[in-house]
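Participant: Whatever this is, show me its structure:
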Amino acid sequence: MRFSKLLLATMIIQGSLMSAVIKHIKIDDIKVPVIFEEQKSLPTLNLQLVFQDSGYIQDKEKSGLVSLSSKLLNEGTKELGSTKFAQKLEENAISLSTSNGFETFVVELSNIKDVSNKAINLLTQLLGSPNYSDNVLDKLKTIQIGALKRKENDFDYTARNLLKATLFENTPLQNPSSGTIESISKIKLNDIKEFLDETLVLNKLIVVAGGDLDYEELKKLIKPLLKTLKKGDKPSLEKIEFKSKQKEEVILKDTQQAYIYFGSSCNVETKDKDSYMAKVASFILGGSGFGSRLMEEIRVKRGLAYSAYGYISVNKSHSYFTGYLQTKNESANEAKELVSSIVKDFVKKGVTAEELEAAKNFLTGSEPLRSETLAQRLNRAFTLYYRGLPQDYSKKELEKIQNLKLEDLNKYIASHDEINKLTFAIVRK
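Facilitator: Okay, here's the model as predicted:
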């Protein structure tokens, strides 16, 4: 039996989307969401504790605090210390780590099924008694400051942070997630304690789990851990509002290349009924690499850069258009003007029928590759739940993309002329 590519892709997507389920574990009067998928192919457990409204959006006046806090949680417990705690993990082939994004703070655990009880016990100890120590904090600050000093000659990093500081001025997004040398040096142990006390709470928690166990086994396994967490405050993620301006900031460095980062407002909400059009527009303008408008005009036709990218980033707290390229110092102004011209032309004239058809084919054909693994499926299920979207949203989005008409897409693009107000951050000689 033969299937068309579209039919096969749709069948795979439907199958994968039905795998993850949304449940709740009740702890006192709090229903903790659990995103779960059973997978018997490997005898493993994968568990993520995702705390909402707890990423570096909470840095506020202490840039780098959240990053430093996640690093401290990777230093073991107060009782065992970093080395002995790490040894216990290694002896049982347990992986336990903490990380953070802009909106979330994540504790991730993975292990073979046979040591799941030991793994959960160690995780419980870690969350209950982190290795709060001035010596540990001094070590982490030294490492972080050293890393920041090494990045002083990383001109991509410099240009990216310059764009954030300019584009997102007076918002939590303006600060680098890793902090600055000055801000890291000022962080105290009590700052980290306060942050973790406010973060590691039931009201902010979403559990994401999968592996070789059924839901009732998972519930029995993790419920004692959840009972050790405080209730805490409910998340209240603030919406970050900003308006970009046609502005240019330049830092002069002894560099052989010009590093050009750019961005602008893009008023798209995660729940917008037409947000799928932003995905298609982003792909065509600069998100698809070769074949995208930016790459074709800047590299292929003019040879001004090895690569040029631009994409629309849609998040729960904010959305924006951004991109970057590198070029010769002497062609920096030409490249910058060309980016502005390409974006302006894109908004005014829209896309061609050929570009839309190519985008439809790629987005349809590549979709199954985004749900091949357990981790990918759980991540997708979490993202949809977190954004308040139904679990069959991806399938419906794909159908909308397939039925998208050229005139509707171009009308949508024209309605977002705010992306024309590009802010540029340039590091050059």
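
Participant: so where do the helices sit in the stretch 201-350 of the chain?
Facilitator: Assigned by DSSP state H, counting those that start in this stretch, the helices in the stretch 201-350 of the chain fall at 215-227, 275-282, 293-295, 332-349.

Participant: Which one of the ones you listed lies nearest to Phe102?
Facilitator: helix 275-282 (18.6 Å; C-beta to C-beta). For glycine as for every other residue, the C-beta is placed from the backbone atoms N, C-alpha and C.

Participant: What lies in contact with that closest one?
Facilitator: 266, 268-269, 272, 310-312, 314, 321, 351, 356, 359-360, 363, 397, 400-401, 404, 408-409, 412-413, 416 (C-beta atoms under 8 Å, 6 or more residues apart in numbering).

Participant: Which of these fall within strands?
Facilitator: 310-312, 314, 321 (DSSP state E).

Participant: Mind checking which of those residues are buried?
Facilitator: The neighbour count (16 or more other C-beta atoms under 10 Å) marks 310-312, 314, 321 as buried among the ones in strands among the contacts of helix 275-282.

Participant: ok, back up a step: between the helices of the stretch 201-350 of the chain, which one is closest to Arg387.
Facilitator: Per C-beta to C-beta, nearest to Arg387 of the helices of the stretch 201-350 of the chain: helix 275-282, 9.9 Å.

Participant: Off-centre distance for that closest one?
Facilitator: 18 Å (C-alpha atoms, centre = their mean, to the nearest Å).

Participant: List the buried residues of stretch 192-203.
Facilitator: So, applying 16+ other C-beta under 10 Å, buried residues of stretch 192-203: 192, 195-196, 198-203.

Participant: Name the nearest of the residues you listed relative to Leu96.
Facilitator: Leu200 (14.3 Å).

Participant: Which pLDDT value goes with the closest one?
Facilitator: If you check Leu200, the pLDDT there is 97.

Participant: quick one: contacts for it?
Facilitator: 51, 127, 229-230, 232.

Participant: can you map out the helices along the stretch 1-150 of the chain?
Facilitator: Under DSSP H, counting those that start in this stretch, the stretch 1-150 of the chain gives helices at 5-17, 65-72, 81-91, 116-128, 134-150.

Participant: Nearest approach to Val300 belongs to which of these?
Facilitator: helix 5-17 (27.0 Å).

Participant: about what we covered before: with mean neighbour count and distance to Ser69 as new columns, can the helices of the stretch 201-350 of the chain be given to me in JSON lines?
Facilitator: Formatted as JSON lines, those follow (neighbours: other C-beta atoms under 10 Å; distance: least, C-beta to C-beta, whole Å):
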{"stretch": "helix 215-227", "mean neighbour count": "16", "distance to Ser69": "20"}
{"stretch": "helix 275-282", "mean neighbour count": "22", "distance to Ser69": "32"}
{"stretch": "helix 293-295", "mean neighbour count": "23", "distance to Ser69": "37"}
{"stretch": "helix 332-349", "mean neighbour count": "17", "distance to Ser69": "37"}
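
Participant: need these in a markdown table with distance to Ala147, can you?
Facilitator: Shown next, in a markdown table, are those (distance: least, C-beta to C-beta, whole Å):
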| stretch | distance to Ala147 |
| --- | --- |
| helix 215-227 | 32 |
| helix 275-282 | 31 |
| helix 293-295 | 31 |
| helix 332-349 | 28 |
